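> starting from these lines, generate the structure:
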Amino acid sequence: MRASRRHLGPRPLGITLLALFFACGGCAAGLTLVLLLFPGTALDAFWRLNPRARAGFLQMAAWALLLMPAVLVGCAGAAFGLWKRARWGLWTAVAILTLNLAGDIANALLAHDFRTLIGVPIGGCMLVYLLAKRRAF
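Sure, this is the predicted structure:
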């Protein structure tokens, strides 16, 4: 299997950056999960970075405890797959970005939170880049 990967050449910088982006997303999801599981600790200071997120997760109640591990596993998988340039890593990242874009648009339309629209062109550019670099996988 390794011999077949040698022809791919060096990993493109954009793929490396996206792998790091997804790794950071996984870390954020993991931290959020810890904050939700262990409220009232010194780590609660992190909620000051985004108090609206805390309110949203508390409103979700138990669903947040199911969502965060899924986000953590998805982001970690995408990061690892992109880093290794596995085809499944590409499609995992594409799926996550597509879901995120749909969520941003839904939040803007349904919750009238138009700040989420900033993610649409950013996520769109990431998707276009990944799809353009399919041959790197």
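
> didn't A76 look like it was pressed against C24?
No - contact criterion CB atoms under 8 Å: A76 and C24 do not qualify, at 10.8 Å. Yep, even glycine has a C-beta here, placed from its N, CA and C like the rest.

> mind jotting down where the helices sit in this structure?
Ranges of helices in the chain, per DSSP state H, are 2-5, 13-37, 51-60, 62-84, 87-110, 119-132.

> tally of neighbours for K133?
For K133, the count of nearby residues is 16 (other CB atoms under 10 Å).

> tell me the contacts of it?
12, 14-15 (CB atoms under 8 Å, 6 or more residues apart in numbering).

> now do 10 Å
Under the criterion of CB atoms under 10 Å, 6 or more residues apart in numbering, the neighbours of K133 are 12, 14-15, 18, 82, 85, 90.

> is it true that L72 touches L36?
No - using CB atoms under 10 Å, L72 is not in contact with L36, being 11.9 Å away.

> and the residue nearest to L90 when sequence neighbours are not counted, what's its pLDDT?
Taking CB to CB, 6 or more residues apart in numbering as the measure, L90 lies nearest to F137, with 4.7 Å between them; neighbours along the chain are not counted. What the model reports as pLDDT for F137 is 94.

> got the contact list for F137?
Taking CB under 10 Å, 6+ apart as the test, what F137 contacts is 5, 8, 15, 81-82, 84-91, 130.

> which of those residues has the largest number of neighbours?
When neighbours are counted as other CB under 10 Å, the busiest of the contacts of F137 turns out to be L82, with 28 neighbours.

> ok, the nearest residue to L35 once chain neighbours are set aside to H112 distance?
Distances taken as CB to CB, 6+ apart put L43 closest to L35, at 5.7 Å, once the chain neighbours are dropped. As for L43, its distance to H112 is 31 Å (criterion: CB to CB, to the nearest Å).

> more neighbours: which of these two?
Neighbours were counted for L43 and for H112 using other CB under 10 Å; L43 has more, 12 against 7.

> list the contacts of the more buried one.
Contacts of L43 by CB under 10 Å, 6+ apart are 31, 34-35.

> can you flag the buried ones in these?
Taking 16 or more other CB atoms under 10 Å as the criterion, what is buried in the contacts of L43 is L35.
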